[in-house]
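Engineer: following is a predicted model, sequence given first.
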Amino acid sequence: MSGHESTYEPKTGIEKWLDSRLPIVRLAHDSFVDFPTPKNLNYWYTFGGILAICLAVQIITGVVLAMHYTADIDQAFGSVERIMRDVPYGWLIRNIHMVGASMFFLAVYVHMFRGLYYGSYKAPREVLWLLGCIIYLLMMATAFLGYMLPWGQMSLHGANVIINLFGAIPLVGEPIQSWLMGGPSVGNQTLQRFFSLHYLLPFMIAGVVILHIWALHVPGNNNPTGIEVQDVKKDTVPFHPYYTVKDGFAIVVFMIIFAVFVFYAPNVLGHADNYIEANPLVTPAHIVPEWYLLPFYAILRAITFNIGPMDAKLLGVIAMFGSIAVLFLLPWLDTSKVKSMRYRPVAKQFFMGFVVACLLLGWCGASNPDDPIISMGEDKLLVSYTDSAGLEGQRTFEDYAPAAQFRDEQVAAGGVASMAIEKAPAFTFKVLSQILTAYYFAFFLLILPVLGLRERPKGEPDSIHQSILGHDAPAAAPAE
Amino acid sequence: MKLFRPLLLGLGAIALGLSAHAAGGAKHAHAPEKGWSFAKVPAGKLDKESVQRGFQVYQEVCSSCHGMKLLSYRNLGEKGGPFYSDEYKNANDNPLVKAIAAEIEILDPTPDENGDLVYRPAIPADQFRSPYPNDNAAKAANGGALPPDLSVITKARGHGAEGDGASYIYSLMTGYKDDKIKTKTGDDGLNVNYIEFDDGDTVGTLTQPTGLYYNPYFAGDTTPQWDGDPRHAPYGGFLAMAPQLLDGRVEYIDGTEATTSQMAYDVANFLQWAGDPKQGQRKSLALPVMLYLVLLAILLWFSYKRIWRDVAH
């Protein structure tokens, strides 16, 4: 925390020598040993540490995988399998890397929702939040690039769908598209550049993570009350050993979940089609991204209408990118002076709605947009016919027998007739995702700006230690 | 927050469960009644004898159309493989594996000293022989349909849960309705095969297109061939592979009776092994890792309690 005096005292000669030339030990000591941290951080605050572990795990396993992987469309699929079969413990390294991507996103979503709930994006932590958004963007790019590397059916056709999105941008869209692909279509040159970038971006993430931690250590941690530290003695404890042990416990619990997937269900988070080698001539029945991108995919597909000169595809792309862009504006959209939603009874309800909306958007992203969620009435049978006189017509039937009889009579009389299903009107995934998309944007652009001005906060304590002693705060911490 | 936690968990589970969505209106594959030994928690094991028999089924039946290009004969004798022996840690020395390979003639991928490609008996280091020189030859020989490579077929079907792929293979191989097929003479004088359904709402006649075979577990669409209520067309689709595992199709070396379901069970076990030959290693490492992590978590929990004991928080 800025203004906090360094307590590092070099003891040995070599420490003193180094400290007067490059005070790196002092930096580490002040940042991770003696850093004053609010006493009242709950387990939602352990995900920062968990994410650091995730990044390290992905980089270490990734570097080893890159030693054995071949970025060539004829060999990529086989080389990934060869890693699983012939490289000593290759199956373990590959499973950790593959499951690790999902775990990384699981952790980052909890981390982001936590920041949202406790108002960690508000002054003086706007830059901290923005850097976090940049990390998240880089993570999505890295994950997308990495998903292409096994060169399975979903790798190829997923990449096609995403790259085609850029084609919707007017004027510059198509040049961007062929620049990304490195040619007229997704092919070997695309795979090679994706591999190159997939290796590069994690180190950029690591760089931004350093800035993220720096930006955290200037104002210090937020905490569940959202009230800034007033008295370092009463409100804080040193990071070590208090939070190293608490984070350590949370990290190991997280690793247990991680290990369950790695050892018992390594493939359950992915799509089976990605174990079919990529074939540009065969398109999978349903192209879906990995689970962590499904909500954005749902937002993309929710826009099925044109507005003025802009067609649905372009609007979908705008909505999808907008749903991430709006996160960057959040510090200035939320007008409330109170940080923590613990003391914002109305905002808390909207926040819960927002979490549910994001999860349901994920469900929509995984489903066929035209499938009914709630069907209103029964599907009917529609017989279209052209009778012998050349007159066209249609008749609907509830039951099969009369429909078939009618069709056969038409045919017998020298006409043409065919039967099809007339779907009953239904509440479809498309409609649900449109409602949820509207809520997603309304939450940021309408609810948070307006609510902050009108809502009456409740029960905010005066200080961190008062909230601890009083134990009068509404229960918000998970099981401790 | 109180409301939000169970909601989050429940919806998260739904969203995850549905994220790997199935294709088509195929019937949900099921495991055989005795279940899969390898899918047992916490340390399932492949039924080694079944994998051996499954290899025999693959060799004698499947391999005439389906390749397994990601496997080599040596894999059969490696740890976790069907013919692994403690005596021969190096599978290339395993006499059984050598004998299996030697029975197969392959086109040597390396030219001889004259530059000619010649046929020779395979050695353990060789890849499984491909039944066709290329995909087009495979299609030409199979009425335009490409028999998929079976190396990772168990991972390429289902939802990624342990046993999904094997259940698909088992269900598909035992799911044909060949005993229900009837034949009539069509309008053009040629024979037409059809199946009559009378199963709840699914009442009608399904005509099999020439050269294709109905299977309820195969992803596809039956409505174009269905004479009956289109809202209740049968599950599944048509595939170019005729029913293969008819009773007694192979004569098992170990004397097991070769019923359709026995062969399907065995070949599914074999393909399960082939799709992930290191799964035995994975399962045997799982328990120690979990125990270690749980113990470490308990230790850290008590350390946490001790370190924080005098700090109100």
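Structural biologist: Done, it's in.
Engineer: can you report how many residues neighbour residue 294?
Structural biologist: Here I'm looking at chain A. 24 (other C-beta atoms under 10 Å in any protein chain shown). All C-beta spots, glycine's among them, are computed from the backbone N, C-alpha and C.
Engineer: not quite, go with chain B.
Structural biologist: Neighbour count of residue B:294, defined by other C-beta under 10 Å: 14.
Engineer: using the three-state scheme, assign it.
Structural biologist: Under DSSP: H, G, I helix; E, B strand; the rest coil, residue B:294 falls in the helix class.
Engineer: what's the mean pLDDT across the top helix by length along chain A?
Structural biologist: Across chain A, the longest stretch assigned as helix under DSSP state H is helix A:188-217. For helix A:188-217, mean pLDDT rounds to 97.
Engineer: past it, which element shows up next along the chain?
Structural biologist: helix A:232-235 (DSSP states H and E).
Engineer: what comes up buried for that next one?
Structural biologist: residue A:235 (16 or more other C-beta atoms under 10 Å in any protein chain shown).
Engineer: does residue A:249 touch residue B:305 like I think?
Structural biologist: No: taking C-beta atoms under 8 Å as the definition, residue A:249 is not a contact partner of residue B:305, at 9.7 Å.
Engineer: which one of the two is surrounded by more residues?
Structural biologist: Per other C-beta under 10 Å, whichever of residue A:249 and residue B:305 has more neighbours is residue A:249, with 22 against 11.
Engineer: on the three-state scheme, the most centrally placed residue in chain A is what?
Structural biologist: Chain A has residue A:292 as the residue nearest its centroid, 4.5 Å off, counting by C-alpha atoms, centre = their mean. Assigned by three-state DSSP, the conformation of residue A:292 is helix.
Engineer: surely it and residue A:107 touch.
Structural biologist: No: in this structure residue A:292 lies outside contact range of residue A:107 using C-beta under 8 Å: 10.7 Å.
Engineer: mind listing what residue A:457 touches?
Structural biologist: Counting by C-beta atoms under 8 Å, 6 or more residues apart in numbering or on different chains, residue A:457 touches A:336, A:338, A:343, A:344.
Engineer: about what we covered before: show the pLDDT at the residue nearest to the centre of chain A.
Structural biologist: 97.
Engineer: again, but for residue A:477
Structural biologist: 47.
Engineer: same question for residue B:19.
Structural biologist: Reported pLDDT for residue B:19: 41.
Engineer: check residue B:23 too.
Structural biologist: 35.
Engineer: also residue B:199?
Structural biologist: 88.
Engineer: which elements pack onto the helix or strand containing residue A:451?
Structural biologist: Using DSSP H and E, residue A:451 sits in helix A:448-454. Contacts defined by 3 or more C-beta pairs under 8 Å, 6 or more residues apart in numbering or on different chains; DSSP states H and E place helix A:448-454 against helix A:312-333, helix A:345-366.
Engineer: now tabulate the ones you listed in JSON lines and tack on distance to chain B.
Structural biologist: Formatted as JSON lines, the helices and strands packed on helix A:448-454 follow (distance: least, C-beta to the nearest C-beta, whole Å):
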{"stretch": "helix A:312-333", "distance to chain B": "17"}
{"stretch": "helix A:345-366", "distance to chain B": "4"}
